[in-house]
Every structure is written in structure tokens, then in C-alpha cells.
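Trainee: Next come a sequence and a model predicted from it.
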Amino acid sequence: MIRDTRPISWVKAALHDFLKFPKGAQLEIRRGLTVAAEGRKAENAKPMKGLGAGVFEIAMKYKTNVFRTVYALQLDDDIWVVHVFEKKATSGIKTPKKETYLIKKRMMVLREMLK
């Protein structure tokens, strides 16, 4: 069966950081992004609060670390990976403000670029 999938595009800085993740974490995150590209929601994906509709986060625990990948569905025909980071346990489960700021900034730049 051939699936109709959307392309997955990356903000260059996000891809650069993603490639530093352990291979096992990369594999699981790529699986989640593939599920999104097929029009479904991965089990480890959830909407990001405060960033508008169509912005999701894949959070996955790998060994003792948590890796997060933020992607947007409504910027373009592509699924855009705008930010990835390793979650440090400094503020509970909440996304740190510096990460949220960076996500918002990258999305603003990406929206302008895609006009």
C-alpha cells in the first residue's frame, strides 16, 4: 500500500542539534515524524500549549535522558521541525522559557520565509 506522506523539512539548526542525539533516540523521533507525515499523531506526540494550533512536540525518554522535537503542521505543505533539545530536569515537565522563546522566534522567521 502506498501512503500519501507530507515532506518533512528541518530548520537547519534543529537538524544540526538532532544529529547530536543518540542514534536510538533519533530512530524513535524519526518514526514519530513519519507518523505525522502520514497524517496521524504518534503516541509520544502532544500539542504544544501556547504556540498556536498545529504545533506538536514529540517527547521521548531514551535511557536516562528526555529528548524533545517540536514540529509545525500548519506553516506550509511540509511538516517543519523547528527545534530539538534535550530536556534537563531544572523545571519539572514544563518546557523551559528559553526553549519556548527559541521555538517562537524560529516559527516567526520561518513564516516570513515561506510567504
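Mentor: Now that the structure is in, tell me what you want to look at. Numbers count the residues shown, from 1 in each chain.

Trainee: Please name the bridge partners of A72.
Mentor: For A72, the beta-bridge partners under DSSP bridges are V55, W80.

Trainee: Share the number of residues neighbouring K98, please.
Mentor: Residues near K98, counting by other C-beta atoms under 10 Å, number 9. For every residue, glycine as well, the C-beta is placed using N, CA and C.

Trainee: Equivalent analysis for P22, please.
Mentor: 13.

Trainee: Just the pLDDT for the nearest residue to it once chain neighbours are set aside.
Mentor: Distance criterion C-beta to C-beta, 6 or more residues apart in numbering; nearest residue to P22, sequence neighbours excluded, is Y62 at 5.9 Å. The model reports Y62 with a pLDDT of 85.

Trainee: Check the one 5 residues further on too.
Mentor: Each residue has a pLDDT score; the one for F67 is 94.

Trainee: Pull the contacting residues for it.
Mentor: F21, A25, I29, A59, M60, K61, V84, F85, E86, K87 (C-beta atoms under 8 Å, 6 or more residues apart in numbering).

Trainee: Am I right that it falls within a strand?
Mentor: Yes: under DSSP: H, G, I helix; E, B strand; the rest coil, F67 sits within a strand.

Trainee: Go through the biggest helix by length in the chain and flag the buried ones.
Mentor: When the chain is parsed with DSSP state H, its longest helix is helix 97-114. Using 16 or more other C-beta atoms under 10 Å as the test for burial, helix 97-114 gives E99, T100, L102, I103, K104, R106, M107, L110.
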